[in-house]
Every structure is written in C-alpha cells, then in structure tokens.
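Novice: prediction below, plus the sequence it came from.
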Amino acid sequence: MRTFLLVSILFLCSFEGITQKTTAHESQIWLGYFNQVRFSDKWGLWSDFHLRTKKDFFTNFSTGIVRLGLTYYLNNDTKLTAGYAFINHFPAEGHQNISQPEHRPWQQIQWHTKYPKIRLMQWFRLDERFRRKIANDSTLASGYSFNWKLR
C-alpha cells in the first residue's frame, strides 16, 4: 500500500500544473576583474570592474561597474576596506533611451581561514546604493532613491 501511494504521489507531481508560471530563459555574460594590491604592511588597494550583457551579447549591455577601495590590513588574515563604486545601468525597460547612474559607497571586512590543505577567504560587504530617479523613458528625474545591501 505504501509503495502504491508513493508511486501515485510521484506520478501526480510529475505533471506540470496549470497554475505554474512560464519561465523565460535569457542568456547573459558577466565579465569581471578583481585585483588586490598591498602597498605596505598595513595599506592596500581593492579594485574590481564588471560588464554585464544580455540577449545579443556584444551589443546589448546591461550594467557596468567600476569599484575602488582603500584597504587597511589588521593582520595578514584580516583586512578592512572602504571605497566607492560607480554603476551605470544601460538603457532597459523603464528607461529605454537613457542610462541610469548609481553611486555606491561601500565597506567590507575580509578574512582568511587556514585549513591543512586550503586557505578559505570570506567577506561581508555593506553597500549604500544611491540610484538616480527616472522620470520617463528619456529623462532622469532629480534626486536619488536609496537602499542598502549587506552580503
């Protein structure tokens, strides 16, 4: 009886329900370059650059990011970084004819944990996001919307 019930449930779950949404698949490319340079025992520079594309990979850009930060080394395994990122959201739905700029101050703590055969790097980052408001498809509005992100 249990086997019959289990097979029946699995059989019924294999059918696509009427209420399930249709998923649209869209290919994207996300290119990124990360770099950390140590200037002295205590100071260094963080930099990363990104370009995201969508649909027609080389003609339909989504987002461009330039992020720089000054790093303070507490020790060889722990560092604090604060910096600024400029993000350009290329024309998209809701702003077809203009790019939307975003200013993003950020702070992070990064640490390394050593294990017998590997060294694990982890970080927490806090982003304060100031996105320019959009009036319509062709015009930026005055002012910025604000939110923050912890990751």
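Specialist: Arrived safely.
Novice: what segments of the chain are helices?
Specialist: In the chain, the helices defined using DSSP state H lie at 2-13.
Novice: pLDDT-wise, which helix or strand of it ranks last?
Specialist: Sorted by mean pLDDT, DSSP states H and E, the helices and strands of the chain end with helix 2-13, the least confident at a mean of 68.
Novice: any regions of this protein where pLDDT drops low?
Specialist: Applying pLDDT under 70 to the chain flags the ranges 1, 6-8, 10-20, 57-58.
Novice: for it, what's the longest strand?
Specialist: Of all the elements of type strand in the chain, the one with the most residues (DSSP state E) is strand 119-136.
Novice: give the other helices and strands that that strand contacts.
Specialist: Counting contacts by 3 or more Cβ pairs under 8 Å, 6 or more residues apart in numbering; DSSP states H and E, strand 119-136 is packed against strand 100-114, strand 139-150. (Each C-beta comes from the backbone N, C-alpha and C, glycine too.)
Novice: give me the distance from it to the chain's centre.
Specialist: Averaged C-alpha coordinates place strand 119-136 at 7 Å from its chain's average position (Cα atoms, centre = their mean, to the nearest Å).
Novice: before we move on, back to that, go through the helices and strands packed on strand 119-136 and pick out the most buried.
Specialist: Each of the helices and strands packed on strand 119-136 was scored by mean neighbour count; the highest is strand 100-114, a mean of 15, by mean count of other Cβ atoms under 10 Å.
Novice: what separates that one from the chain centre, distance-wise?
Specialist: Relative to the chain's own centre, strand 100-114 is displaced by 11 Å; criterion: Cα atoms, centre = their mean.
Novice: what does it contact?
Specialist: Contacts of strand 100-114 with the rest of the structure, by Cβ atoms under 8 Å, 6 or more residues apart in numbering, involve 67, 69, 76-89, 119-132, 134, 140, 144.
Novice: pairing partners for that strand, with directions?
Specialist: Note on strand 100-114: by DSSP bridges, its sheet partners are strand 78-89 (antiparallel), strand 119-136 (antiparallel).
Novice: would you mark the buried spots in the longest one?
Specialist: Residues 127, 129, 131, 132, 134 are the ones in strand 119-136 that count as buried (16 or more other Cβ atoms under 10 Å).
Novice: just curious, which of those is nearest to residue 42?
Specialist: For the buried residues of strand 119-136, the minimum distance to residue 42 (Cβ to Cβ) is 24.5 Å, reached by residue 127.
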